[in-house]
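> mind folding the following:
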Amino acid sequence: MSCPPWPKGKKLVHLDLKGAPPRIEYLHQLVGLFSDLGADGLLVEYEDMFPYEGELKLLQASDHPAYSRDEVLSIQEIAKSKGLEVIPLVQTFGHMEFVLKHRPLWGLREVTHCLGTLNPHREEGVKLVMKMLKQVVDLHPDLHTLHIGADEVYLLGEGEESKQWLASPGRTVEQLFLSHVTKVAKAIKEAWPDMTIIMWDDMMREMSHDTLKASGLVGLVQPMLWDYRPALDVDVTVCLLQKYSGAGLCELWAASSFKGSTSVHTSLTNTHRHVDNHLQWLKVAAAVSPRIKLRGIALTGWQRYDHLSVLCELMPLALPSLAACLQTLIHGRFSAEAQKTAMEILGVSSVEVEAMDRASAGDWLFAGRRLAEVTVELMSVLNSEDVRLFESSMIVRGWFSPFHRQRKVVNPLIAMQILNQATTYLAMLEQKVEAVREEMGRLYPDSTAQEWIEQHVSPVVAPLQRITEDLTSCLGHMMPQSESSSPAQ
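I've put the predicted structure just below:
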């Protein structure tokens, strides 16, 4: 089915910097590439990579340096030169893990065991949020639009102060949510009267027309509806847009996904899954009433599900997906022409990262392509059953079971075959891991490379290492030392 191209409005690429923050030189390259691919704005979620100062300096990342003030300004300069608007995203209610994890701020949590949700009853909480926003706004001199987050405010209403507040007749968790967001939005408008404010919509989806209309948010905020599913329900989404618009929230945004929404630990991006999501959003845009003002769409690229979860796909692995998704929006369908344009811009033979032809040495046509290729190669080995399930293979279960290991009694002939195979796998993995580490180190902090390897490689390598160590020990009890140390014999 063909739809009209995405209607007039911004196409924002989301930069989620709460994990795997690119080195500044690579980030500059990415900004230029986003422009080439068809984006006209950036939604930048700095989290702990923003250079907060003074009493907020504790919010800066500790595993690697936050971006400097000059680097944040340089991102904006590059973006401006490419015609891209920069919109910072600063969480102000939910997903404040990077703030509330710090001991001096524990008292601002809604409940002690939920790091993400701010207590809406403490004036110190609103003051903290406004101090964060002021530092971000001050370092964005040309800023016109600000995203205040406010999604997934988990366990709201469960804190003791909230329970007391809710005990009064007629009060609801919905009102509690709206009162905090309205307070923040009004404070922003008071400080910066011309600022456009965007917020995530999910906490408002179940609210009635009357509740939304009386919320105080009409004229203050522009909701951004997010749905990353390949089978997004078009009718339900159109009805939701109509409900918001009917309540007076007429200026609206969409949010799709080009990476980071398949599963919390995905390492390789599936382009067609994300293209399908954009095809559904095109159907939504074609079906809505002209009265609904769609201001644009943010193509989200989540790097973590939250501040403390593992890494999702790294950006180089998702650039073919981003290219395909942007061209789908521009063409109104994932046509041969859209696919051809995406591949030509990146210099690849397929928009699926696992199917790209390997380029010749020195011919990496998009920034990060070499990392994408060596990562695909490594994941192919890590995901192979021979390697991943080696400990459960017939030969290991049959001749080197826990019974054999405990008693250090093995058949040396077969044990040496197992040791030889495990050693071969480890050597092959070591070579491929070093290639990934080297390329990742060019684009990302060393801490990112270390985290990625511990997440994806260590769970596979550790059992192989244990087998080789245990086999070597067992063979030392069954044959002369000089022979047991030579598995290839």
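> now do the strands in the stretch 1-150 of the chain.
10-16, 41-45, 85-88, 145-147 (DSSP state E, counting those that start in this stretch).
> how about the helices in the stretch 1-150 of the chain?
For the stretch 1-150 of the chain, the helices defined by DSSP state H, counting those that start in this stretch cover 24-37, 69-81, 97-100, 123-138.
> which one of these is the most hemmed in?
helix 97-100 (a mean of 22; mean count of other CB atoms under 10 Å). For glycine as for every other residue, the C-beta is placed from the backbone atoms N, C-alpha and C.
> and stretch 410-426, what's its mean pLDDT?
Averaging pLDDT along stretch 410-426 gives 92.
> ok, Gly83 touching Gly32?
No: in this structure Gly83 lies outside contact range of Gly32 using CB atoms under 8 Å: 11.0 Å.
> closest one to Leu115 among the helices of the stretch 1-150 of the chain?
Closest to Leu115 of the helices of the stretch 1-150 of the chain is helix 97-100 (CB to CB; 4.4 Å).
> send the alpha carbons of the closest one over as PDB?
Extracted as PDB, the C-alpha positions of helix 97-100 are listed here (Å, rounded to 0.1, in the frame of the first residue of the first chain):
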ATOM      1  CA  GLU A  97      17.400   7.400  37.200                       C
ATOM      2  CA  PHE A  98      20.600   9.200  36.300                       C
ATOM      3  CA  VAL A  99      19.600  11.900  38.800                       C
ATOM      4  CA  LEU A 100      17.900  10.100  41.700                       C
END
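> what ranges do the strands span in the stretch 201-350 of the chain?
So, for the stretch 201-350 of the chain - with DSSP E, counting those that start in this stretch - the strands run 222-226, 251-259, 293-301.
> need the winner for burial among these.
It is strand 251-259: most buried of these by mean count of other CB under 10 Å, with a mean of 25.
> which parts of stretch 298-314 are buried?
298-307, 310-314 (16 or more other CB atoms under 10 Å).
> same check on stretch 162-170?
Ser162, Trp165, Leu166.
> with pLDDT and distance to Arg205 added, can I get those in TSV?
Listed next are these as TSV, based on pLDDT from 0 to 100; distance: CB to CB, whole Å:
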residue	pLDDT	distance to Arg205
Ser162	97	21
Trp165	96	23
Leu166	96	20
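> Phe334: which of the residues you listed is nearest?
For those, the nearest to Phe334 is Ser162 (45.8 Å; CB to CB).
> any chance of the helices of the stretch 1-150 of the chain in JSON lines, plus mean pLDDT?
JSON lines is the format used below for those (pLDDT from 0 to 100):
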{"stretch": "helix 24-37", "mean pLDDT": "97"}
{"stretch": "helix 69-81", "mean pLDDT": "98"}
{"stretch": "helix 97-100", "mean pLDDT": "98"}
{"stretch": "helix 123-138", "mean pLDDT": "97"}
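> save these as a markdown table, and put in distance to Glu190 too.
Formatted as a markdown table, the helices of the stretch 1-150 of the chain follow (distance: least, CB to CB, whole Å):
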| stretch | distance to Glu190 |
| --- | --- |
| helix 24-37 | 32 |
| helix 69-81 | 25 |
| helix 97-100 | 22 |
| helix 123-138 | 10 |
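> to Asp276, which of those lies closest?
helix 24-37 (18.6 Å).
> picking that back up, of the strands of the stretch 1-150 of the chain, which approaches Glu55 most closely?
Of the strands of the stretch 1-150 of the chain, nearest to Glu55 by CB to CB is strand 85-88, at 19.8 Å.
> give me the helices and strands touching the closest one, please.
strand 10-16, strand 41-45, helix 69-81, strand 145-147 (3 or more CB pairs under 8 Å, 6 or more residues apart in numbering; DSSP states H and E).
> partner strands of that strand and their direction?
Applying DSSP bridges, strand 85-88 is found paired with strand 41-45 (parallel).
> and the strand it pairs with, what's its mean pLDDT?
98.
> centre of the chain to it, how far?
Offset of strand 41-45 from its chain centre (CA atoms, centre = their mean, to the nearest Å): 13 Å.
> hey, C-alpha coordinates of it in CSV?
Only the C-alpha atoms of strand 41-45 are listed here, as CSV (Å, rounded to 0.1, in the frame of the first residue of the first chain):
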residue,chain,number,x,y,z
GLY,A,41,16.3,18.0,13.3
LEU,A,42,17.9,16.3,16.3
LEU,A,43,16.2,15.2,19.5
VAL,A,44,19.2,15.0,21.9
GLU,A,45,18.8,13.2,25.2
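> just the buried residues of that strand, please?
By neighbour count on 16+ other CB under 10 Å, the buried set for strand 41-45 is Gly41, Leu42, Leu43, Val44, Glu45.
> returning to what we had before: which one of the strands of the stretch 201-350 of the chain lies nearest to Pro5?
Nearest of the strands of the stretch 201-350 of the chain (CB to CB): strand 293-301, 11.6 Å.
> quick one, the closest one and strand 251-259 angle?
20 degrees (axes from the mean of the first three to the mean of the last three CA atoms, to 10 degrees).
> and Asn423, how far from Ile24?
To be clear, residue 423 is Thr; Asn isn't right here. Relative to Ile24, Thr423 is positioned 41 Å away (CB to CB, to the nearest Å).
> ok, Ile467 next?
42 Å.
> could I get the strands of the stretch 201-350 of the chain as TSV with distance to Glu373 and mean pLDDT?
Shown next, in TSV, are these (distance: least, CB to CB, whole Å; pLDDT from 0 to 100):
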stretch	distance to Glu373	mean pLDDT
strand 222-226	31	98
strand 251-259	17	98
strand 293-301	20	97
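> nearest to Ala66, of those?
Closest among the strands of the stretch 201-350 of the chain, once you apply CB to CB, is strand 293-301, at 19.8 Å.
> quick one: that closest one to chain centroid distance?
16 Å.
> how far off strand 222-226 does it point, in degrees?
Using the same axes, to 10 degrees: strand 293-301 against strand 222-226 is 50 degrees.
> between strand 293-301 and strand 10-16, how many degrees?
Using the same axes, to 10 degrees: strand 293-301 against strand 10-16 is 30 degrees.
> looking at it, Ala372 is touching Pro316, isn't it?
Yes: under the criterion of CB under 8 Å, Ala372 makes contact with Pro316 at 4.3 Å.
> just the helices in the stretch 251-400 of the chain please.
271-287, 315-331, 336-346, 369-382, 385-388, 394-399.
> could you say what helices and strands the third one packs with?
On a contact count with 3+ CB pairs under 8 Å, 6+ apart, helix 336-346 meets helix 24-37, helix 315-331.
> got it, and the fourth one?
For helix 369-382, the packing partners by 3+ CB pairs under 8 Å, 6+ apart come out as helix 315-331, helix 412-443, helix 446-456.
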